[in-house]
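Engineer: Next one to model:
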Amino acid sequence: MDKSHKSSELSELHLAAAVQQALLTGDMPECECGKMVLKNRMSGLVGGDFYHFRQLGQGQVAFAIGDVVGHGLPAALVMTLILGHLRADHQNSRRPGRLVSHINDQLVGLGELIDLPVTCSLIYGVVDLPSGVLMYINAGHPHPIIYHRGDENARNLPSTTMLLGVQGGVLNESCHQFQQQDRLVLFTDGIIEARNPGMELFGRDRLLEIVCQTRMGSPESLAERVFREMGEFVCSTPPQDDQTLVVIDFDKVSGAI
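Structural biologist: As a prediction, this is how the structure comes out:
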(Lines give C-alpha, C1' and ligand atoms only; values in the text may rest on other atoms or scores of the structure.)
Protein backbone atom coordinates (compact mmCIF):
# COMPACT_ATOMS: atom_id res chain seq x y z
CA MET A 1 0.00 0.00 0.00
CA ASP A 2 1.51 3.35 -1.05
CA LYS A 3 1.76 6.41 1.17
CA SER A 4 -0.92 8.35 -0.69
CA HIS A 5 -3.44 5.54 -0.15
CA LYS A 6 -2.58 5.36 3.55
CA SER A 7 -2.92 9.13 3.82
CA SER A 8 -6.34 8.97 2.15
CA GLU A 9 -7.54 6.26 4.54
CA LEU A 10 -6.31 8.26 7.54
CA SER A 11 -8.10 11.38 6.27
CA GLU A 12 -11.33 9.39 5.92
CA LEU A 13 -10.94 8.07 9.46
CA HIS A 14 -10.36 11.58 10.81
CA LEU A 15 -13.46 12.78 8.94
CA ALA A 16 -15.51 9.93 10.44
CA ALA A 17 -14.18 10.84 13.89
CA ALA A 18 -15.13 14.50 13.38
CA VAL A 19 -18.66 13.57 12.29
CA GLN A 20 -19.03 11.24 15.25
CA GLN A 21 -17.79 13.87 17.68
CA ALA A 22 -20.17 16.45 16.23
CA LEU A 23 -23.10 14.11 16.81
CA LEU A 24 -22.02 13.30 20.36
CA THR A 25 -21.17 16.84 21.41
CA GLY A 26 -23.89 18.83 23.07
CA ASP A 27 -24.93 20.41 26.35
CA MET A 28 -26.40 18.20 29.03
CA PRO A 29 -30.04 19.13 29.62
CA GLU A 30 -31.08 20.93 32.75
CA CYS A 31 -31.86 18.36 35.43
CA GLU A 32 -34.45 19.83 37.80
CA CYS A 33 -34.37 16.70 39.94
CA GLY A 34 -30.70 17.05 40.87
CA LYS A 35 -27.70 16.63 38.56
CA MET A 36 -26.73 14.75 35.40
CA VAL A 37 -23.09 14.01 34.46
CA LEU A 38 -21.42 12.22 31.54
CA LYS A 39 -17.86 10.94 31.10
CA ASN A 40 -16.67 9.12 27.98
CA ARG A 41 -13.40 7.78 26.56
CA MET A 42 -13.12 6.14 23.14
CA SER A 43 -10.57 3.39 22.56
CA GLY A 44 -9.66 4.80 19.12
CA LEU A 45 -10.39 7.65 16.75
CA VAL A 46 -13.90 6.29 16.23
CA GLY A 47 -15.95 3.97 18.37
CA GLY A 48 -19.23 2.19 18.96
CA ASP A 49 -20.32 3.75 22.28
CA PHE A 50 -22.96 6.44 21.96
CA TYR A 51 -25.14 8.61 24.15
CA HIS A 52 -27.94 11.07 23.59
CA PHE A 53 -29.88 13.54 25.73
CA ARG A 54 -32.91 15.62 24.83
CA GLN A 55 -34.97 18.14 26.76
CA LEU A 56 -38.61 17.32 25.99
CA GLY A 57 -40.25 20.18 27.85
CA GLN A 58 -42.80 19.98 30.67
CA GLY A 59 -40.11 18.68 33.03
CA GLN A 60 -39.20 15.65 30.93
CA VAL A 61 -35.77 14.54 29.70
CA ALA A 62 -34.96 11.70 27.30
CA PHE A 63 -31.62 9.92 27.54
CA ALA A 64 -29.92 7.07 25.72
CA ILE A 65 -26.71 5.13 26.18
CA GLY A 66 -25.65 2.28 23.94
CA ASP A 67 -22.88 0.21 22.46
CA VAL A 68 -22.69 -1.15 18.92
CA VAL A 69 -21.29 -4.68 18.81
CA GLY A 70 -17.90 -4.54 17.06
CA HIS A 71 -15.13 -1.99 16.73
CA GLY A 72 -13.67 0.59 14.40
CA LEU A 73 -15.27 2.24 11.40
CA PRO A 74 -18.14 -0.27 10.88
CA ALA A 75 -19.32 0.21 14.49
CA ALA A 76 -18.94 3.99 14.13
CA LEU A 77 -21.10 4.01 10.99
CA VAL A 78 -23.86 2.03 12.71
CA MET A 79 -23.60 4.31 15.74
CA THR A 80 -24.01 7.35 13.47
CA LEU A 81 -27.15 5.79 11.95
CA ILE A 82 -28.66 5.20 15.40
CA LEU A 83 -27.79 8.68 16.66
CA GLY A 84 -29.33 10.21 13.55
CA HIS A 85 -32.55 8.38 14.30
CA LEU A 86 -32.52 9.40 17.97
CA ARG A 87 -32.00 13.04 17.05
CA ALA A 88 -34.52 13.15 14.19
CA ASP A 89 -37.48 11.24 15.60
CA HIS A 90 -39.43 13.91 17.47
CA GLN A 91 -42.79 12.17 17.03
CA ASN A 92 -41.86 9.15 19.16
CA SER A 93 -39.28 10.72 21.49
CA ARG A 94 -41.67 10.34 24.44
CA ARG A 95 -42.48 6.71 23.60
CA PRO A 96 -39.45 4.48 24.21
CA GLY A 97 -41.22 1.39 22.85
CA ARG A 98 -42.04 2.97 19.51
CA LEU A 99 -38.74 4.76 19.00
CA VAL A 100 -36.54 1.79 19.89
CA SER A 101 -38.71 -0.57 17.82
CA HIS A 102 -38.05 1.61 14.77
CA ILE A 103 -34.28 1.52 15.42
CA ASN A 104 -34.45 -2.24 15.92
CA ASP A 105 -36.26 -2.72 12.60
CA GLN A 106 -33.63 -0.61 10.85
CA LEU A 107 -30.81 -2.76 12.23
CA VAL A 108 -32.60 -6.01 11.37
CA GLY A 109 -33.14 -4.76 7.81
CA LEU A 110 -29.51 -3.65 7.51
CA GLY A 111 -28.34 -7.06 8.71
CA GLU A 112 -30.49 -8.81 6.14
CA LEU A 113 -29.14 -6.53 3.42
CA ILE A 114 -25.49 -7.37 4.11
CA ASP A 115 -26.19 -10.92 5.32
CA LEU A 116 -24.49 -10.23 8.66
CA PRO A 117 -26.06 -9.41 12.04
CA VAL A 118 -25.89 -5.73 13.01
CA THR A 119 -26.52 -5.56 16.73
CA CYS A 120 -26.21 -3.14 19.62
CA SER A 121 -27.23 -2.73 23.23
CA LEU A 122 -29.28 0.33 24.11
CA ILE A 123 -31.05 1.93 27.03
CA TYR A 124 -33.54 4.62 26.07
CA GLY A 125 -35.53 6.31 28.81
CA VAL A 126 -37.87 9.24 29.33
CA VAL A 127 -37.90 10.52 32.89
CA ASP A 128 -40.44 12.92 34.34
CA LEU A 129 -38.14 14.94 36.56
CA PRO A 130 -40.62 16.34 39.12
CA SER A 131 -42.14 12.92 39.87
CA GLY A 132 -39.15 10.65 39.16
CA VAL A 133 -41.21 8.35 36.93
CA LEU A 134 -39.13 6.65 34.22
CA MET A 135 -40.44 4.90 31.09
CA TYR A 136 -37.64 2.94 29.48
CA ILE A 137 -36.35 0.10 27.32
CA ASN A 138 -33.17 -1.77 28.16
CA ALA A 139 -32.19 -3.79 25.10
CA GLY A 140 -29.43 -6.12 26.28
CA HIS A 141 -27.38 -3.37 27.94
CA PRO A 142 -25.47 -3.88 31.24
CA HIS A 143 -27.95 -3.35 34.06
CA PRO A 144 -27.67 0.21 35.43
CA ILE A 145 -27.14 0.60 39.16
CA ILE A 146 -29.76 2.41 41.24
CA TYR A 147 -28.17 3.43 44.52
CA HIS A 148 -30.27 5.00 47.27
CA ARG A 149 -27.95 7.21 49.29
CA GLY A 150 -30.32 7.39 52.24
CA ASP A 151 -30.31 3.71 53.23
CA GLU A 152 -27.27 2.70 51.09
CA ASN A 153 -29.39 0.21 49.16
CA ALA A 154 -28.25 -0.85 45.66
CA ARG A 155 -30.39 -2.55 43.04
CA ASN A 156 -30.42 -3.04 39.26
CA LEU A 157 -32.60 -1.61 36.51
CA PRO A 158 -33.38 -4.84 34.64
CA SER A 159 -33.35 -5.56 30.92
CA THR A 160 -36.63 -5.50 29.02
CA THR A 161 -35.56 -7.17 25.77
CA MET A 162 -32.62 -8.67 23.89
CA LEU A 163 -29.95 -6.87 21.86
CA LEU A 164 -31.29 -4.74 19.02
CA GLY A 165 -30.86 -6.12 15.51
CA VAL A 166 -31.58 -9.75 16.39
CA GLN A 167 -35.25 -9.91 15.38
CA GLY A 168 -37.96 -7.44 14.43
CA GLY A 169 -41.22 -6.74 16.21
CA VAL A 170 -42.80 -4.41 18.75
CA LEU A 171 -40.72 -3.84 21.89
CA ASN A 172 -42.53 -3.28 25.18
CA GLU A 173 -41.37 -0.57 27.55
CA SER A 174 -41.18 -0.78 31.32
CA CYS A 175 -41.60 1.70 34.18
CA HIS A 176 -39.60 2.60 37.28
CA GLN A 177 -40.28 5.05 40.10
CA PHE A 178 -37.24 6.90 41.41
CA GLN A 179 -37.21 8.11 44.99
CA GLN A 180 -35.54 11.12 46.52
CA GLN A 181 -31.80 10.47 47.07
CA ASP A 182 -31.65 7.82 44.31
CA ARG A 183 -28.55 7.87 42.12
CA LEU A 184 -28.75 6.21 38.68
CA VAL A 185 -25.44 4.97 37.26
CA LEU A 186 -25.44 3.91 33.59
CA PHE A 187 -22.36 2.50 31.90
CA THR A 188 -21.11 0.54 28.92
CA ASP A 189 -19.33 -2.80 29.17
CA GLY A 190 -15.96 -1.19 28.37
CA ILE A 191 -15.84 -0.16 32.05
CA ILE A 192 -16.66 -3.43 33.79
CA GLU A 193 -14.75 -5.48 31.18
CA ALA A 194 -11.51 -3.45 31.39
CA ARG A 195 -8.66 -5.89 32.12
CA ASN A 196 -5.40 -5.59 34.00
CA PRO A 197 -2.16 -7.19 32.74
CA GLY A 198 -3.19 -10.43 34.46
CA MET A 199 -6.43 -10.43 32.40
CA GLU A 200 -8.56 -9.85 35.51
CA LEU A 201 -11.75 -7.88 34.88
CA PHE A 202 -12.38 -4.54 36.59
CA GLY A 203 -15.86 -5.92 37.16
CA ARG A 204 -19.22 -4.77 38.39
CA ASP A 205 -18.35 -5.34 42.06
CA ARG A 206 -15.48 -2.80 41.90
CA LEU A 207 -17.78 -0.30 40.18
CA LEU A 208 -20.45 -0.81 42.83
CA GLU A 209 -17.87 -0.39 45.60
CA ILE A 210 -16.88 3.01 44.16
CA VAL A 211 -20.56 4.00 43.90
CA CYS A 212 -21.01 3.13 47.59
CA GLN A 213 -17.83 4.90 48.72
CA THR A 214 -18.70 8.14 46.86
CA ARG A 215 -22.35 8.27 47.95
CA MET A 216 -21.85 11.59 49.78
CA GLY A 217 -19.93 13.16 46.88
CA SER A 218 -21.07 14.79 43.67
CA PRO A 219 -21.83 12.87 40.45
CA GLU A 220 -18.66 14.45 39.00
CA SER A 221 -16.53 13.02 41.80
CA LEU A 222 -18.00 9.55 41.20
CA ALA A 223 -17.28 9.70 37.46
CA GLU A 224 -13.73 10.97 37.97
CA ARG A 225 -12.97 8.29 40.56
CA VAL A 226 -14.30 5.46 38.36
CA PHE A 227 -12.05 6.47 35.48
CA ARG A 228 -9.07 7.11 37.77
CA GLU A 229 -9.32 3.75 39.53
CA MET A 230 -9.99 1.97 36.27
CA GLY A 231 -6.82 3.52 34.82
CA GLU A 232 -4.81 2.42 37.85
CA PHE A 233 -6.31 -1.09 37.62
CA VAL A 234 -5.26 -1.59 33.98
CA CYS A 235 -1.83 -0.03 34.74
CA SER A 236 -2.52 2.91 32.41
CA THR A 237 -2.66 0.73 29.30
CA PRO A 238 -4.83 2.17 26.49
CA PRO A 239 -8.48 1.03 26.67
CA GLN A 240 -9.39 -1.92 24.46
CA ASP A 241 -13.03 -0.84 24.30
CA ASP A 242 -14.97 2.43 24.51
CA GLN A 243 -15.95 3.49 28.02
CA THR A 244 -18.98 5.61 28.91
CA LEU A 245 -20.50 6.51 32.27
CA VAL A 246 -23.62 8.56 33.03
CA VAL A 247 -24.69 9.55 36.56
CA ILE A 248 -28.09 11.06 37.35
CA ASP A 249 -29.04 12.19 40.87
CA PHE A 250 -32.67 12.40 41.96
CA ASP A 251 -32.68 14.84 44.84
CA LYS A 252 -35.94 16.71 44.26
CA VAL A 253 -38.60 14.21 43.20
CA SER A 254 -42.12 14.44 44.54
CA GLY A 255 -43.19 10.81 44.14
CA ALA A 256 -45.47 8.99 41.76
CA ILE A 257 -47.81 10.99 39.59
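Engineer: can you pull the contacts of the residue nearest the centre of the chain?
Structural biologist: With distances taken as CA atoms, centre = their mean, Ile65 lies nearest the centre of the chain, 2.0 Å away. Residues near Ile65 by CB atoms under 8 Å, 6 or more residues apart in numbering: Asp49, Phe50, Tyr51, His52, Leu122, Ile123, His141, Leu186, Phe187, Thr188, Thr244, Val246. All C-beta atoms are positioned from the backbone trio N, CA, C, and that covers glycine.
Engineer: Mind putting those residues into a markdown table with secondary structure?
Structural biologist: Listed next are these as a markdown table, based on DSSP: H, G, I helix; E, B strand; the rest coil:
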| residue | secondary structure |
| --- | --- |
| Asp49 | strand |
| Phe50 | strand |
| Tyr51 | strand |
| His52 | strand |
| Leu122 | strand |
| Ile123 | strand |
| His141 | coil |
| Leu186 | strand |
| Phe187 | strand |
| Thr188 | coil |
| Thr244 | strand |
| Val246 | strand |
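Engineer: got a markdown table for those residues, with distance to Pro158 too?
Structural biologist: Below are the contacts of Ile65 laid out as a markdown table (distance: CB to CB, whole Å):
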| residue | distance to Pro158 |
| --- | --- |
| Asp49 | 21 |
| Phe50 | 22 |
| Tyr51 | 20 |
| His52 | 21 |
| Leu122 | 15 |
| Ile123 | 11 |
| His141 | 11 |
| Leu186 | 13 |
| Phe187 | 15 |
| Thr188 | 17 |
| Thr244 | 20 |
| Val246 | 18 |
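Engineer: Identify, from those, the entry nearest to Gln106.
Structural biologist: Leu122 (12.0 Å; CB to CB).
Engineer: if I pick that closest one, what's in contact with it?
Structural biologist: Counted by CB under 8 Å, 6+ apart, Leu122 has contacts 64-67, 82, 100, 103, 137-141, 164.
Engineer: tell me which strands and helices the helix or strand hosting Gln55 is in contact with?
Structural biologist: Assignment of secondary structure by DSSP states H and E places Gln55 within strand 49-57. The helices and strands touching strand 49-57, judged by 3 or more CB pairs under 8 Å, 6 or more residues apart in numbering; DSSP states H and E, are helix 3-24, strand 34-41, strand 60-68, helix 72-88, strand 243-250.
Engineer: Also compute the angle for that strand relative to strand 60-68, please.
Structural biologist: 170 degrees (axes from the mean of the first three to the mean of the last three CA atoms, to 10 degrees).
Engineer: Can you give me the distance of the closest residue to Leu86 other than its chain neighbours to Val68?
Structural biologist: What sits nearest to Leu86 in space, not counting adjacent residues and going by CB to CB, 6 or more residues apart in numbering, is His52, at 4.5 Å. Relative to Val68, His52 is positioned 13 Å away (criterion: CB to CB, to the nearest Å).
Engineer: who has more neighbours, the two?
Structural biologist: Val68 (27 against 19; other CB atoms under 10 Å).
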